[in-house]
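# sharing a model prediction with you, sequence too.
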Amino acid sequence: SQTIHQWPATLVQPVGSPLSLECTVEGTSNPNLYWYRQAAGRGLQLLFYSVGIGQISSEVPQNLSASRPQDRQFILSSKKLLLSDSGFYLCAWSVRTGGVNQPQHFGDGTRLSIL
Amino acid sequence: GNSVTQMEGPVTLSEEAFLTINCTYTATGYPSLFWYVQYPGEGLQLLLKATKADDKGSNKGFEATYRKETTSFHLEKGSVQVSDSAVYFCALSNSGGYQKVTFGIGTKLQVIP
């Protein structure tokens, strides 16, 4: 069966520090991968998605970047964190198909607090 | 573009009460529809799905029917438990190269004993 892992689970960082959040998927090949942010009490905001190694699309301009160095690895980064980067970050994957629309499957999330 | 509308809540119910969370959508083509559940401090879990009109998705006592004529996918459960307390997200997926999913804002459900 497929599993998705995110780490760390929680992170407290000072303003201006760098960030690296990692997500890996097991049990599937060539997945679509996604990064979302969920602000407190709010819905989900899609940040990045990837349909293949090295292929990254950004949904909103921001202080963050994403990379996909391997087929099942997705990394969210920042060179200098802002207070507004605080939130709950979720990684997700979906099967890449040209047919029936597939659901996305989520990791357990990373709670990021910026001080 | 695509959109999903659901009540934000919170919805507060007593244990064993009947639950309905309304969801309506706007989309082109023939989207698939989903309900996700998020327990406190966790990621989203797929609760149920429906891929075409009149399909009924069901799981763990929850049900939702894909109504194309009313563009709705309301979530129902006959008897809620305290353990059902969570945030519920309605979502749709439309044909796209990267399987984009559009989420509603989420409805918080609180079940009291």
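Sure, I can see it. The structure presented is a predicted model; accordingly, all values stated were derived computationally and were not measured. Numbering: from 1, shown residues only, chains lettered A, B, ... in the order given.
# so the most centrally placed residue in chain A is in which element?
Closest to where the C-alpha atoms of chain A average out (C-alpha atoms, centre = their mean) is A:Trp35, at 2.7 Å. Assessed by DSSP states H and E, A:Trp35 sits inside strand A:32-38.
# could you list the buried residues of that strand?
A:Asn32, A:Leu33, A:Tyr34, A:Trp35, A:Tyr36, A:Arg37, A:Gln38 (16 or more other C-beta atoms under 10 Å in any protein chain shown). No exception for glycine: its C-beta is placed from N, CA and C like everyone else's.
# isn't the residue nearest to the centre of chain A right next to A:Leu76, touching?
Yes. Using C-beta atoms under 8 Å, A:Trp35 makes contact with A:Leu76 at a distance of 5.1 Å.
# what sits in contact with each of these two?
Overlap of the contact sets of A:Trp35 and A:Leu76 (by C-beta atoms under 8 Å, 6 or more residues apart in numbering or on different chains) consists of A:Cys23, A:Leu47, A:Phe48, A:Ala66, A:Tyr89, A:Cys91.
# bridged to residue 3, which residues?
Reading this off chain A. Listed by DSSP bridges, the beta-bridge partners for A:Thr3 are A:Glu26.
# try chain B instead
Applying DSSP bridges, one finds that B:Ser3 bridges with B:Thr26.
# hang on, the earlier thing: closest one of the shared contacts of A:Trp35 and A:Leu76 to chain B?
Nearest to chain B among the shared contacts of A:Trp35 and A:Leu76, counting by C-beta to the nearest C-beta, is A:Cys91 at 8.3 Å.
# quick one: contacts for that closest one?
A:Cys91 sits next to A:Ile4, A:Gln6, A:Leu21, A:Cys23, A:Leu33, A:Tyr34, A:Trp35, A:Tyr36, A:Phe74, A:Leu76, A:Phe106, A:Gly107 when contact means C-beta under 8 Å, 6+ apart.
# what sits against the fifth one?
Spelled out, it's A:Leu33. A:Cys23, A:Val25, A:Tyr49, A:Ser50, A:Arg68, A:Phe74, A:Cys91, A:Ala92, A:Trp93.
# surely the fourth one and A:Cys23 touch.
No. Counting by C-beta under 8 Å, A:Ser50 does not reach A:Cys23; the two are 10.5 Å apart.
# which residues do these two both contact?
What both A:Ser50 and A:Cys23 touch, as defined by C-beta under 8 Å, 6+ apart, is the set A:Leu33, A:Phe74.
# apart from its chain neighbours, what residue comes closest to B:Ser58?
Of all residues beyond its chain neighbours, the one nearest B:Ser58 is B:Leu48 (5.9 Å), with distances taken as C-beta to C-beta, 6 or more residues apart in numbering or on different chains.
# count the neighbours of the one you found for me.
20 (other C-beta atoms under 10 Å in any protein chain shown).
# quick one: mean pLDDT over the host helix or strand of it.
Using DSSP H and E, B:Leu48 falls within strand B:44-50. Mean pLDDT, strand B:44-50: 96.
# which residues of the chain score low on pLDDT?
Assuming you mean chain A. A:41, A:98-100 (pLDDT under 70).
# chain B is the one I meant
For chain B (pLDDT under 70), the answer is B:95-98.
# which positions in it make contact with chain A?
By the rule C-beta under 8 Å from any C-beta of the partner chain, the part of chain B lying against chain A is B:31-32, B:34, B:36, B:41-46, B:49, B:51, B:89, B:91, B:93-95, B:97-101, B:103-106.
# in strands only, show me these.
If you go by DSSP state E, the residues of chain B next to chain A have B:Ser32, B:Phe34, B:Tyr36, B:Leu44, B:Gln45, B:Leu46, B:Lys49, B:Phe89, B:Ala91, B:Ser93, B:Val101, B:Phe103 in strands.
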